[in-house]
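Undergrad: Okay, predicted coordinates and the sequence, questions at the end:
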Amino acid sequence: MTTTEIPGAPGEPPLVPGVAGGLPLGGGGVAGARSLRRMARAVTANRKATVGIVLLLLFCLVGAFPGVIAHDSPNAEIYQRSLGSPSAAHLLGTTSFGQDMFAQVIYGTRPVLLIAFGVGLGATILAMLIGVSAAYLGGVWDGALSLFIDVLLVIPAFPLLIIIGSYLHGATTGVMIAVVTAVSWSYTARQLRAQALSLRGRDFLEAARVRGERAMYVIVVEIIPTMTSLLVASFLTNALYAVLFSSSLEFIGLGDPNQVSWGTMLYWAENNEAFQTGLPLWIIVPGLCIVALGAAFALLNYAFDEIGNPALRPVRSMRGKRVKRPR
Amino acid sequence: MRFVLRRLGFFVLTLWVAVTLNFLLPRLMPGNPALAVLGKFKGAVPPQALKALEAQFGLDTHQSLITQYVHYVGDLASGNFGVSLTTQPGTSVSQIVLHAIPWTLGLVGVATVLAFILGTLIGIVGAWRRGGRLDSILPPIFVIMTVIPYFWIGLILILIFGVKLHWLPYFFSYNYTLTPGFTWAFISNVLEHAILPGFTLLITTIGTWILTMRNTMITTLAEDYVRMARAKGLPGHRIMLDYAARNAILPNLTGFAMSLGFVVGGAILIEEVFNYQGVGYLLLQAVNNEDYPLEQALFLLITVAVLVAILLSDIATAILDPRTRASR
């Protein structure tokens, strides 16, 4: 097929430069350290990526050390309801239960992050295993797995999550990760299957087959490294949807109501008529946090798209072209 | 024809999976949560209906799983979805659902059609004047919109226009004190109550239409026949609408066919936030009350609506664009 391919030495990931099947292949094949350094440089050069990564790191720090930032315990109902409005002692005021709202927002970061990373990783790995296996095994296996993916893809995800959630009676963080992963991996699986199909018949895969490698080895060592940018995109997209899905489920009371997180804050705020009782921050602040975390994942996703696929970068030359247009 | 048959086969298969999920889920969960609720409400439900529920949730342990399953599918096929346990105890589920459907169709349907028309037009003009003011402001805004939970946008609109400004009502679909009927007072009240949830839906869904239309339109504008039209000296609006937009609208049209399927269940959280008595609100009510038969029926309804829409949009694409026929 292409002449640019240089099959890697045995045991080393193959070097596949350029674009295959119309999809960007990130630095996948290039040996670890160099590709990492290149990625780091790309991230610092791209403004979207910088903003995204800074936001995400900030949330990670808050999620890792909530006690350092907030002095109050998030669950303690120790303050007067009259302290509702913000003050120096309570930056965001207190809830109608007398909890410190700032502490709740800070402590609420960790579960959301855990769910985002858990689902991002889980859904990507599941999609990778099933999608790539379907493409590599082909034949009846491909037919069956693809059908499975397609069926799952068209069953409405959020109603299904609601139904599952209603049987669970308060999904803890771990259960939430499992459930959201189970309904959201299919889209990525389809993408990865298509990408793996486009690699079919490539020389380096032929070489591996001739060497007599087992199917699992070929999938893990030869095929998957060529999909790095798709995998990164999948992680980020699934993480973003996990944030939105889990917050929505918690908002309607299907999360663990005793766990402090942004979604359950919204649930309690709505149930206690936060707007009507003069506590709008109870709804505004957790919502803004969800938006900011979602934006971090989305920005990183756009940035990686632009890094991997130069055609998507913002067009500056268009203004020049416009002048020539007859209008 | 073969294509249509294959899509029909897929339709039936997916429907079967949804039905089977409904059947298996309560049985897979630790302790079968439906049992507890059934036990609590035994008195409220007539004994005959209870028997159907036993098959639905596996209460009757004497029967084998397969017998239960056959019963369950048979009941569904004959249109028997059981009775509500807690929301309106004893009332047949189909009746409750039928009352909710018109509200959702009215609110979400109108908002979906409006969003499609407006979004497509904005996308056309945006791509035509690429780099212009419309094109540089709107896409980034709607990209940001995709990371905001829809229900939160609804809440913020309630805060601004309902609680602070007192401009619009934001609770229920009409004022409780009015008697429903074909009077102007009632109809205008219903319309007034639909504005905020409808607007929330509009601004949360319009972005997709704008972005897809704009992106396909940009590709189409680079085609030779558009250049040809320019060379002929045709007026700008004719090139924009008859040459470019007409060819670029296909993805949006099929997307629209598909989105009609999501009308039924697509606004669950927005209906919840505004306490709007549609299908989504009913679903969450059923969830809160642990009314499992009602939940199951609503999930099936939502899934069927989506499946029918996908089937129709597939067929529509095949009819409208011959190129897609071969590739499937």
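TA: Good, I have the coordinates.
Undergrad: who's in contact with the closest residue to chain A within the stretch 1-150 of chain B?
TA: Using CB to the nearest CB, the point where the stretch 1-150 of chain B gets nearest to chain A is residue B:147, with a distance of 3.4 Å. Using the backbone N, CA and C atoms, a C-beta is placed for each residue, glycine as well. Contact partners of residue B:147, counting by CB atoms under 8 Å, 6 or more residues apart in numbering or on different chains, are A:240, A:244, A:291, A:294-295, A:297-298.
Undergrad: want to throw those into TSV with pLDDT and secondary structure?
TA: Supplementary listing: the contacts of residue B:147 in TSV, determined by pLDDT from 0 to 100; DSSP: H, G, I helix; E, B strand; the rest coil:
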residue	pLDDT	secondary structure
A:240	93	helix
A:244	92	helix
A:291	93	helix
A:294	92	helix
A:295	90	helix
A:297	92	helix
A:298	89	helix
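Undergrad: Residue A:271: which of the residues you listed is nearest?
TA: The shortest separation between residue A:271 and any of these is 20.6 Å, and it belongs to residue A:244 (by CB to CB).
Undergrad: Which residue lies closest in space to the closest one, excluding its sequence neighbours?
TA: residue B:149 (5.6 Å; CB to CB, 6 or more residues apart in numbering or on different chains).
Undergrad: likewise residue A:87?
TA: Nearest residue to residue A:87, sequence neighbours excluded (CB to CB, 6+ apart): residue A:93, at 7.2 Å.
Undergrad: Any figure for the gap between that neighbour and residue A:140?
TA: 62 Å (CB to CB, to the nearest Å).
Undergrad: the more surrounded of the two?
TA: residue A:93 (21 against 8; other CB atoms under 10 Å in any protein chain shown).
Undergrad: from what I can see that one touches residue A:86, true?
TA: Yes: with contact defined as CB atoms under 8 Å, residue A:93 counts as touching residue A:86 (4.6 Å).
Undergrad: shared neighbours of these two, which are they?
TA: If you check residue A:93 and residue A:86 against CB under 8 Å, 6+ apart, the residues they both contact are residue A:281.
Undergrad: closest point of the stretch 201-328 of chain B to chain A, which residue?
TA: Going by CB to the nearest CB, chain A is nearest to residue B:287 of the stretch 201-328 of chain B, at 4.3 Å.
Undergrad: Skip the chain neighbours and tell me the closest residue to that residue.
TA: Residue B:287's closest residue in space is residue A:166 (CB to CB, 6+ apart), at 4.3 Å.
Undergrad: Distance from the strand or helix carrying the one you found to the middle of the chain?
TA: Following DSSP states H and E, the helix or strand that holds residue A:166 is helix A:157-168. Centre-to-centre, helix A:157-168 and its host chain are 20 Å apart (CA atoms, centre = their mean, to the nearest Å).
Undergrad: so residue B:193 sits right up against residue B:176, yeah?
TA: No: with the criterion set as CB under 8 Å, residue B:193 and residue B:176 do not qualify as a contacting pair; they are 11.1 Å apart.
Undergrad: Those two: which has the busier surroundings?
TA: Neighbours per residue, other CB under 10 Å: of residue B:193 and residue B:176, the larger number sits with residue B:193, 22 against 6.
Undergrad: what pLDDT does the more buried one get?
TA: What the model reports for residue B:193 is a pLDDT of 85.
Undergrad: Now do the same contact list for it.
TA: For residue B:193, the contacting residues are B:169, B:172-175, B:276, taking CB under 8 Å, 6+ apart as the criterion.
Undergrad: my hunch is that it is in a helix, does that hold up?
TA: Yes: with the criterion set as DSSP: H, G, I helix; E, B strand; the rest coil, the secondary structure at residue B:193 is a helix.
Undergrad: what distance separates the start and the end of stretch B:138-154?
TA: 20 Å (CA to CA, to the nearest Å).
Undergrad: That one: which residues count as buried?
TA: Judged by neighbour count (16 or more other CB atoms under 10 Å in any protein chain shown), stretch B:138-154 contains these buried residues: B:138-139, B:142, B:145, B:147-154.
Undergrad: tell me the least confident of the residues you listed?
TA: By predicted confidence (pLDDT), the lowest-ranked of the buried residues of stretch B:138-154 is residue B:139, with 72.
Undergrad: Tell me where the stretch 101-250 of chain A has helices.
TA: A:101-107, A:109-137, A:139-154, A:157-168, A:173-184, A:186-198, A:203-211, A:215-217, A:228-251 (DSSP state H, counting those that start in this stretch).
Undergrad: looking at those, which has the lowest confidence?
TA: Between the helices of the stretch 101-250 of chain A, the one with the least mean pLDDT is helix A:215-217; it has a mean of 82.
Undergrad: Any regions of chain B where pLDDT drops low?
TA: Per-residue confidence for chain B (pLDDT under 70) gives these ranges: B:1, B:30-56, B:58-62, B:266, B:322-328.
Undergrad: Not counting its neighbours along the chain, what's nearest the residue of the stretch 151-300 of chain A found nearest chain B?
TA: Scanning the stretch 151-300 of chain A for the residue nearest chain B gives residue A:294, at 3.4 Å (criterion: CB to the nearest CB). In this structure, residue A:294 finds its nearest non-sequential neighbour in residue B:147, 3.4 Å apart by CB to CB, 6+ apart.
Undergrad: about what we covered before: just want the phi and psi numbers for the residue nearest to residue A:87.
TA: According to degrees, to the nearest 10, the main-chain angles of residue A:93 amount to phi 80, psi -170.
Undergrad: In contact with the nearest residue to residue B:79 once chain neighbours are set aside, which residues?
TA: Using CB to CB, 6+ apart and skipping residues adjacent in sequence, the residue nearest residue B:79 is residue B:94, 6.9 Å away. Applying CB under 8 Å, 6+ apart to residue B:94 gives the contacts B:79, B:81, B:297.
Undergrad: Just the ones of these in helices?
TA: Residues of those located in helices (DSSP state H): residue B:297.
Undergrad: which one of the contacts of residue B:94 sits closest to residue B:244?
TA: The shortest approach to residue B:244 among the contacts of residue B:94 belongs to residue B:297, at 45.2 Å (CB to CB).
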